[in-house]
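[1] The following block contains a protein sequence and its predicted model.
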Amino acid sequence: GSGDAMTALDERQAQGTSARTGTPRSSHAGWAPAADRRHPVDLLEDQNTNREPDLVPVRRGRMMVSPFTFYRGAARIMAEDLKDTPVAGLSVQLCGDAHLSNFGVFGSPERRLVFDLNDFDETLPGPFEWDVKRMAASFVVAARNNGFTPAETRAAALASVTAYREAMAAFARQGTMDIWYASLDEDKIKAAVLEAGKTATKSKATGGGQAKIAKLAQKRVWEAAAKAHTRDSLQALSKLGELDDGRYRIVNQPPVVIPVRDLAPELTPDRLSKLIREQFTAYRASLQPDMRHLLGHFEVVDFARKVVGVGSVGTRCFIVLLQGRDASDPLFLQVKEATTSVLEEHLPRSRYRQHGQRVVQGQKLMQATSDIYLGWARGVDVNRHFYWRQLRDMKGSVPIEEMTPLGLTLYARLCGWTMARAHARSGDPVAIAAYLGRGDAFDRAITDFSERYADQNERDYQEFTTAIKSGRLDCVEGV
């Protein structure tokens, strides 16, 4: 009866509260690198052994831009550092690379714009603190990169953790289905921006300048949303496609986009299209029957290698152009190689032997709503795994480098809320909320960790740029 249900709830709360004894919330502060810490450059170079050799220097060039771009590519280094940090023993599905640029907007299947995490290459079950630390430290790194004062920098990191804790407390009180359906759509984001603007304008301490900044922040959000709505396969076709004898094909734009016909001249067109069709069939088999049927209305027209991101550069990544009723009915899919998660060295290995499946299942568990075309397949070389998704599905991101302190702090709140929602879906929000508590002890400890970790990230970045400038590592910039 209801008495039993209450005891179960009490037990979950007690689990979180008692975890504070073994792992006080203050224990997350005061981080220092391990004495036997592996050299950051060695860790990064290890990752390059299986990557496309011609793209490895491009990856280094993208990471070399600033400590912020370096941090985005350094999930492997941070995983190594997190393995020794205190944890409360409360497990969730981790994003594994939850820095602030891995959040953004995209289109839900109902064509609403939603804000969510959007990169799951490293996803794996593990301690919830790891994601929170990767996220909070990214705000310190980004704020410093933008030239914010130490106080403004700390405020952004703290806001992300406070929002996480407060959202987790709210989810702990909600019904199971309410958590599952919770999402941040365009209207809620705009409401949050307006609210933040009102608060900033009211604040006497900041003077009248904040009203102007708040207005600018609103304008940016509205523009980003409008732009995201236009990002679809037709728009992608205008940038990536060219008409060739009445049919579209993907334009050669080396080194970023290289059609397979130019990439693998040793493969005959017949052999090539057979390989692609086999891959496509294997991927289709991983989809729900209704989506498989939908995809049956499209035919594969062309295939190209496309370089993406910072951390993933050098892994195999392709785009596929499909066509529906005619040439003006395109669908672009992206095919990304999935390798071992950087977390798997330090946590139990994934229950999925196929890394594409690991990414897809982790993503579906964490996101409020996922791309209908999300699926996986093995590569031509059976030791390589891939996952498939739509290329431009109303995707939009905020230019972090242009953000003001007010804008970054608001964005930090959105990210913290979203991370809590993702964790509450797979973990136990009641136990986690009980551990985090009502005060700001956890928030302050994680912020302290974040500042120390950002210092370390700067030292690692210096080591990395030194290795490049000394000629030990070759690097291609500006690509």
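    Yep, it's here. Numbering: from 1, shown residues only.
[2] Verify the contact between residue 299 and residue 323 for me.
    Yes - using Cβ atoms under 8 Å, residue 299 is in contact with residue 323, at 5.8 Å. To be clear about C-beta, it is placed using only N, CA and C from the backbone, and glycine gets the same treatment.
[3] residues near residue 320, how many?
    23 (other Cβ atoms under 10 Å).
[4] The stretch 201-350 of the chain: helices as residue ranges?
    Assigned by DSSP state H, counting those that start in this stretch, the stretch 201-350 of the chain shows helices spanning 209-230, 233-240, 260-263, 269-284, 289-295.
[5] Mind putting the ones you listed into JSON lines with distance to residue 25?
    Shown next, in JSON lines, are the helices of the stretch 201-350 of the chain (distance: least, Cβ to Cβ, whole Å):
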{"stretch": "helix 209-230", "distance to residue 25": "32"}
{"stretch": "helix 233-240", "distance to residue 25": "46"}
{"stretch": "helix 260-263", "distance to residue 25": "52"}
{"stretch": "helix 269-284", "distance to residue 25": "44"}
{"stretch": "helix 289-295", "distance to residue 25": "44"}
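[6] Of those, which is nearest residue 157?
    helix 209-230 (18.7 Å; Cβ to Cβ).
[7] For residue 320, list each beta-bridge partner.
    Going by DSSP bridges, residue 320 is paired in beta bridges with residue 303, residue 333.
[8] Let's see the pLDDT reported for it.
    If you check residue 320, the pLDDT there is 94.
[9] Does the helix or strand harbouring residue 162 pack against any helices or strands, and if so which?
    Here residue 162 sits within helix 150-172, counting by DSSP states H and E. In terms of contacts (3 or more Cβ pairs under 8 Å, 6 or more residues apart in numbering; DSSP states H and E), helix 150-172 is packed against helix 128-145, helix 405-426, helix 429-436, helix 441-469.
[10] Out of the ones you listed, which gets nearest to residue 86?
    helix 128-145 (7.8 Å).
[11] Now the closest one - C-alpha only, PDB.
    Extracted in PDB, the C-alpha atoms of helix 128-145 (Å, rounded to 0.1, in the frame of the first residue of the first chain):
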ATOM      1  CA  PHE A 128      26.800  12.400 -11.800                       C
ATOM      2  CA  GLU A 129      29.600  14.700 -10.500                       C
ATOM      3  CA  TRP A 130      31.700  14.100 -13.600                       C
ATOM      4  CA  ASP A 131      29.300  15.800 -16.000                       C
ATOM      5  CA  VAL A 132      28.700  18.600 -13.500                       C
ATOM      6  CA  LYS A 133      32.400  19.300 -13.200                       C
ATOM      7  CA  ARG A 134      33.000  19.200 -16.900                       C
ATOM      8  CA  MET A 135      30.100  21.600 -17.500                       C
ATOM      9  CA  ALA A 136      31.000  24.000 -14.600                       C
ATOM     10  CA  ALA A 137      34.700  24.200 -15.500                       C
ATOM     11  CA  SER A 138      33.800  24.900 -19.100                       C
ATOM     12  CA  PHE A 139      32.100  28.100 -17.900                       C
ATOM     13  CA  VAL A 140      35.200  29.200 -16.100                       C
ATOM     14  CA  VAL A 141      37.400  28.500 -19.200                       C
ATOM     15  CA  ALA A 142      34.900  30.300 -21.600                       C
ATOM     16  CA  ALA A 143      34.400  33.300 -19.300                       C
ATOM     17  CA  ARG A 144      38.200  33.800 -19.000                       C
ATOM     18  CA  ASN A 145      38.500  33.400 -22.700                       C
END
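[12] Next, report how far it is displaced from the centre of its chain.
    Centroid separation for helix 128-145 versus its chain: 13 Å, with Cα atoms, centre = their mean, to the nearest Å.
[13] And for stretch 396-404?
    The answer for stretch 396-404 is 15 Å, by Cα atoms, centre = their mean.
[14] Go through that stretch and flag the buried ones.
    Across stretch 396-404, burial judged by 16 or more other Cβ atoms under 10 Å covers 396, 398, 400, 403-404.
[15] Pull up the distance across it, start to finish.
    With Cα to Cα, to the nearest Å as the measure, stretch 396-404 spans 19 Å from end to end.
[16] Over to stretch 177-194?
    28 Å.
[17] Stretch 60-71 now?
    12 Å.
[18] So what's the residue count around residue 316?
    Residue 316 has 19 nearby residues by other Cβ under 10 Å.
[19] show me the contacts for it.
    Counting by Cβ atoms under 8 Å, 6 or more residues apart in numbering, residue 316 touches 52, 305, 336-337, 379, 384, 386.
[20] So it versus residue 279, what's the distance?
    Distance from residue 316 to residue 279, counting by Cβ to Cβ, to the nearest Å: 12 Å.
[21] of the helices and strands packed on helix 150-172, which approaches residue 88 most closely?
    Nearest to residue 88, of all the helices and strands packed on helix 150-172, is helix 429-436, at 5.1 Å by Cβ to Cβ.
[22] any idea of the angle the closest one forms with helix 150-172?
    140 degrees (axes from the mean of the first three to the mean of the last three Cα atoms, to 10 degrees).
[23] got the contact list for helix 429-436?
    Under Cβ under 8 Å, 6+ apart, the answer for helix 429-436 is 9, 12-17, 19-20, 25, 88, 90, 92, 128, 164-165, 168-169, 171-172, 174, 179, 420, 423-424, 442.
[24] Weed out the non-buried ones from these.
    Judged by 16+ other Cβ under 10 Å, buried ones among the contacts of helix 429-436: 12-13, 15-16, 19-20, 25, 88, 90, 92, 128, 164-165, 168-169, 171-172, 179, 420, 423-424, 442.
[25] Excluding covalently adjacent residues, which one is nearest to residue 215?
    Nearest non-adjacent residue to residue 215, counting by Cβ to Cβ, 6 or more residues apart in numbering: residue 197, 6.9 Å away.
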